[in-house]
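Asker: Show me how the following folds:
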Amino acid sequence: MDAAQTIRNAIADVTALRLHRAGDPALGAAVGHIKTLQARRFRGTYADLLASPAAGPAARFFLEELYGDSDYTERDHQFGRIAGTLQTLFPQPVVATAVALAVLHAQTEALDQDMGRAWLAQPDGGQGLSPAARYAAAWRTVGQQHGRQEQLQRVQAMGADLARLTRTPGLRTMLRMMRRPAQAAGMGALQTFLEAGFDTFGQLARQRGGVEQFLAAIEQRETALMELLFHAAPVACETELARTLGQAR
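Answerer: Sure, this is the predicted structure:
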């Protein structure tokens, strides 16, 4: 399957999930709660990286573009509309990164929607449970350990791809020159994503071992959290989630 069709399929999946939530306000609200909690959890887990002058821009990029609760509807519309044009305007490594982003986005939306259903299905509507306890219970109900590990691998690959792009001679100049053509072609959101990713990971790559250390921290902390959520006693999950949510700023 070519890049354009892969992007179209991924965006079609995301659009179908959104339409389903639009027809089920309770599910839409539950998924919104899930996304908000996940963004807060990321802020707590990576409070040190977010506060770091060196790693802060990359951590904020991950939060805003991959782990956050932002509304990506406009970016998705652009992706779906210009998937074919993408291959003619951007070099192949950039196209591959756009494809990876679309696939990761579709997988994340599907997992979040499953979490929303589990959130609503808890006994007594989850009354009496703290947000941390309710989130942990929903996580275990959904399961999909392989899918969660695959999601983390895709996030890691996205960071590595962006770091590699920064080492492509002349690419930053090319991206800058493509601002107007990208806007004219309806690709402003994609252009913003690529430039932000290029600049943040370019800054990190200028520090010896910066990218490797950043991605290693993401992998280590996310893996530890997944192990906890899948295998630890419920009270341990609730305690750790409550701690990280409390650290969020």
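Asker: Can you list the low-confidence ranges for this structure?
Answerer: Applying pLDDT under 70 to the chain flags residues 1, 80-84, 126, 178, 181-188, 247-249.
Asker: How about the contacts made by Leu120?
Answerer: If you count contacts by CB atoms under 8 Å, 6 or more residues apart in numbering, Leu120 has them with Ala26, Leu27, Ala30. Heads up, the C-betas are built off the backbone N, CA and C, glycines and all.
Asker: tell me the contacts of the last one?
Answerer: Listed by CB under 8 Å, 6+ apart, the contact partners of Ala30 are Met115, Gly116, Arg117, Trp119, Leu120.
Asker: out of the residues you listed, which are buried?
Answerer: Neighbour counting with 16 or more other CB atoms under 10 Å marks Met115, Gly116, Trp119, Leu120 as buried within the contacts of Ala30.
Asker: Which of those fall within strands?
Answerer: Of those, none are assigned to strands by DSSP state E.
Asker: Which of these fall within helices?
Answerer: Cross-referencing these against helices under DSSP state H gives Met115, Gly116, Trp119, Leu120.
Asker: Mind telling me what element Ala16 is part of?
Answerer: For Ala16, the host element (DSSP states H and E) is helix 3-22.
Asker: Report the buried residues of the helix or strand following that helix.
Answerer: Counting by DSSP H and E, the next helix or strand C-terminal to helix 3-22 is helix 25-45. Judged by neighbour count using 16+ other CB under 10 Å, the buried positions of helix 25-45 are 27-28, 30-31, 33-35, 37-45.
Asker: What of stretch 59-74?
Answerer: Of the residues in stretch 59-74, Ala59, Arg60, Phe61, Phe62, Leu63, Glu65, Leu66, Tyr67, Gly68, Asp69, Tyr72 count as buried by neighbour count, 16+ other CB under 10 Å.
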